[in-house]
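**Student:** Got a predicted model here, sequence first, then my questions.
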Amino acid sequence: QVQLVESGGRLVQAGDSLRLSCAASGRAVSSTNMGWFRQTPGKEREFVAYITGNTGITSYRDSVKGRFTISRDNAKNTLYLQMNSLKTDDTGVYSCAAGRTAYLIPRSPTHYNYWGQGTQVTVSS
């Protein structure tokens, strides 16, 4: 059984940095497409970043490019999202996800089969 547990979300001020973690069990992050998504009340879940299994290709939504970095620690089987220069628009519940199928461009929530419970990130002005 695959389990994903996020941590690291909290209240921060605009301009601050934060690192989210996603501890995985039941599946190796090194060989699995992994993604970060976020959601705010009344809005659909939106793609933030992904890293592909085996090849390690990364991709980001335009609004976070240059500020966020997705990475993984294969030894710890953990996914990370380093967020710098946070903005109020970055506020939301951040969830990590893992996919069974090796899609080349896994930007959609439908490309993922397993989800964590989410961690709240609040950026105040």
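**Tutor:** Here it is on my side, so go on. Numbers count the residues shown, from 1 in each chain.

**Student:** Please count neighbours and contacts with C-alpha atoms only from this point.
**Tutor:** Fine.

**Student:** low-scoring stretches of the chain, by residue?
**Tutor:** Counting by pLDDT under 70, the chain contains no low-confidence range.

**Student:** need the strands for the protein, in chain order.
**Tutor:** Taking DSSP state E, the strands of the chain run over residues 3-7, 11-13, 18-25, 33-39, 46-51, 58-60, 68-73, 78-83, 92-99, 114-115, 119-124.

**Student:** So which residue is dead centre in this structure?
**Tutor:** Geometric centre of the chain, nearest residue: residue 36, 2.1 Å, by CA atoms, centre = their mean.

**Student:** re earlier: among the strands of the chain, which comes closest to residue 107?
**Tutor:** Smallest distance to residue 107 across those (CA to CA): 6.0 Å, for strand 46-51.

**Student:** Let me have the strands of the chain in CSV, extended by distance to residue 105.
**Tutor:** CSV is the format used below for the strands of the chain (distance: least, CA to CA, whole Å):
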stretch, distance to residue 105
strand 3-7, 21
strand 11-13, 31
strand 18-25, 20
strand 33-39, 9
strand 46-51, 9
strand 58-60, 8
strand 68-73, 15
strand 78-83, 18
strand 92-99, 12
strand 114-115, 17
strand 119-124, 24
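
**Student:** closest to residue 108 out of those strands?
**Tutor:** When those are compared (using CA to CA), the closest one is strand 46-51, at 6.7 Å.

**Student:** Also compute the angle for the closest one relative to strand 78-83, please.
**Tutor:** On the basis of axes from the mean of the first three to the mean of the last three CA atoms, to 10 degrees, strand 46-51 is oriented at 120 degrees to strand 78-83.

**Student:** strands paired with strand 46-51, and their directions?
**Tutor:** Pairing partners of strand 46-51, with direction, according to DSSP bridges: strand 33-39 (antiparallel), strand 58-60 (antiparallel).

**Student:** Could you list the residues in contact with the longest one?
**Tutor:** With contacts defined as CA atoms under 8 Å, 6 or more residues apart in numbering, strand 33-39 is touched by 45-53, 79, 81, 92-103, 106-107, 109.
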